[in-house]
Every structure is written in C-alpha cells, then in structure tokens.
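Participant: Quick one, what's the 3D model for this:
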Amino acid sequence: MSTYPIIDVWANPILPLDQGVPEVRRLFEQSHADTTLLSKRRTPAELVALMDAAGVSQICLCAWYRPGQAVFSNEDVAEFTRAFPDRFIGIAGVDLLDPVGYVREVEKYVRVEGFRGVRVVPWLWNLAPTDRHYWPLYVKCIELDVPFLTQVGHTGPLCPSEVGRPVPYIDEIALKFPSLSIICGHIGFPWTQEMIGVAWKHPNVYIDTSAYLPKYYPPELIQFANTTGKKKVMFGTNFPQLGWDKCVKSANKDLKLREDVKAAFFGGNAARVLKLGAPSAVGGVAREGKL
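Facilitator: Model (predicted):
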C-alpha cells in the first residue's frame, strides 16, 4: 500500500472484452492481462472496492467513442461521477467526425457534470492529433480550461501506430496551442525519448505512465521524473489491462524515485494539471476552495 495519495490518470470502465472495441483483445493477450473481471460491466461501487483494496484515491474514468459508435458514453461516465464524485474524475470522449456536436457535448459535461478533461485515442480514428478534426476541440478545451488527453506510442491493437508519434504531432500542437495542457498517455514507446524531449521542451506537455507495469518503465523516463521532469510525469495504469493492486505494488517496490518526487508522481502532478485541489489519502482529494 502506498503512503502517498494515488490518482490514476488513465483508467477505463470494465466492459466485456469484445464490447465495442474488439481490437483490445490482442492488447490484453499480448500483455498477459487478467481478463477475469471482463465478464460483464461493473458498477461504480465495484470499481471503488477495487480502488480501496489497492489504495487508489481517485481515477480518471474516460468515455470511449469510435467512428459511428459510443462504446462507453459521456453519460455512462457521468453515472459514475455522480455516484462517487470524490473518487471518479470524468474524462469526456468525442465523436471526432462531428466537431459541432462534440463541442456542445464537451461544454455540457465540463460545465454541468464537472468533467476535468477530454481524451481522444488517435488510432481509433487513424487521424493524427494535428488533423483539422481536432482543432475545435483544442479551442474548446482552452476556453473551458481543461486538458486534452491522448495516447502516444505504438498500438497494442493491430492498428497503425504512426498517429501516436510525439514528433511531429504533439510537438506541433503544443507550438500552435501553447495554453492547451496536453497529457500524453502510454509513455510513447518506442519513441520514449521523443516524448521526453517534447515534455521537456513545452511547459504545457505532460506524460502519464499508463499501459506499462512500473518495473518496466524505461530508465530514461525515471531519470526525467527524478530531475527536470519532476512536475511532468503522472501515474497511470490503463486499468483493467493492468490492475491497480499490481501496479501500486510494483510502483512501491520497483520505482527508484526520489522521496521529494514520489508525491508529485503518484498524485500531485495530476491534481495540479486537472485542477483537483490537494490530493489526500484513499477517499478522495480536497476540491479547490474546500481545502
């Protein structure tokens, strides 16, 4: 059990393995993931019980959209955030091919439901983050003062990986929209050094460690987190591909982080960028204005 408040920056709902995103079956197989949880959808209370068992304070729970389908909608996420507002952080998804519709949707779920960011997984659309379909989203995120979250690196599913390159795509977005906070999930492997370089270069770019067990984090990422990137790297799991208990145990055992870095990595950096307030132990974080 970690002695630091933990915020998982990239977590997913539990759905039957082939429901809506059949491509992820190969990801689970390749990463030897435990699929026993995936027999049915799980309730908010069931997820909270798993979080409690691992000592996880909060998770960013994201909606999933793909061309022509809402796999797990923003309204589905809102059912979780309403049930446990101090445990679930709503992250909106969008139908990237409907910019007018998604701008209205993001406005609603941020302003009315309190969602804290918007995530797009580029490989689901085979559209790089520099594509024009994203631009209204970036402007809306800046207007609402919430971060854009995305995936970087190769794809576990058998889909093109090019759209996940940090250079040129994340680099160009950060240059074009310097007031847009960008949280890049999945480390960026095999372009990890590119990802570190982009995060070092731009004040508005961050890295989350989801989809990799902590003992397998690249050494250069640990070095970055311990030095110039101590305010840049955030804990993530890609749950349920990786379980919270397994990731937290590995992080506590295997990560060679400086003591003055651990609190920021496990939750402090996420709380700051997502504007959650000061993180606290299991049971939630203090909201801004209620510290």
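
Participant: What ranges in the stretch 1-150 of the chain fall below the confidence cut-off?
Facilitator: Low-confidence segments of the stretch 1-150 of the chain (pLDDT under 70): 1-2, 17-20.

Participant: and if we set it to 90?
Facilitator: 1-4, 15-41 (pLDDT under 90).

Participant: residue boundaries of the strands in it?
Facilitator: 7-11, 58-62, 64-66, 69-72, 88-92, 117-120, 148-151 (DSSP state E, counting those that start in this stretch).

Participant: got the angle between the first one and strand 58-62?
Facilitator: Right, the one you point to is strand 7-11. 20 degrees (axes from the mean of the first three to the mean of the last three Cα atoms, to 10 degrees).

Participant: what comes up buried for strand 7-11?
Facilitator: Across strand 7-11, burial judged by 16 or more other Cβ atoms under 10 Å covers 7-11. Yep, even glycine has a C-beta here, placed from its N, CA and C like the rest.

Participant: ok, so of those, who is nearest residue 207?
Facilitator: Taking Cβ to Cβ as the measure, residue 207 sits nearest to residue 9 out of the buried residues of strand 7-11, at 9.6 Å.

Participant: you'd agree residue 183 is in a strand?
Facilitator: Yes. Residue 183 sits within a strand when classified using DSSP: H, G, I helix; E, B strand; the rest coil.

Participant: Could you count how many residues lie near it?
Facilitator: Neighbour count of residue 183, defined by other Cβ atoms under 10 Å: 28.

Participant: Residues in a beta bridge with it, which ones?
Facilitator: residue 149, residue 206 (DSSP bridges).

Participant: mind listing what it touches?
Facilitator: 9, 117, 147-150, 206-208, 234, 273 (Cβ atoms under 8 Å, 6 or more residues apart in numbering).

Participant: any chance of the residues you listed in TSV, plus distance to residue 24?
Facilitator: Output for the contacts of residue 183, formatted as TSV (distance: Cβ to Cβ, whole Å):
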residue	distance to residue 24
9	19
117	21
147	24
148	22
149	18
150	17
206	24
207	22
208	18
234	22
273	26
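
Participant: which residues of the protein fall in helices?
Facilitator: 24-30, 44-54, 74-83, 99-111, 122-125, 135-144, 171-176, 192-201, 219-226, 244-254, 259-263, 269-273 (DSSP state H).

Participant: List just the one of the ones you listed that sits closest to residue 213.
Facilitator: Nearest of these to residue 213, taken as Cβ to Cβ: helix 244-254 at 5.2 Å.

Participant: who's in contact with the closest residue in space to residue 262 that isn't next to it in sequence?
Facilitator: In space, and not counting its chain neighbours, residue 262 is closest to residue 4: 5.5 Å by Cβ to Cβ, 6 or more residues apart in numbering. Residue 4 is in contact with 262-263, 266-267, counting by Cβ under 8 Å, 6+ apart.

Participant: could you redo the last one with a cut-off of 6 Å?
Facilitator: 262-263, 266 (Cβ atoms under 6 Å, 6 or more residues apart in numbering).
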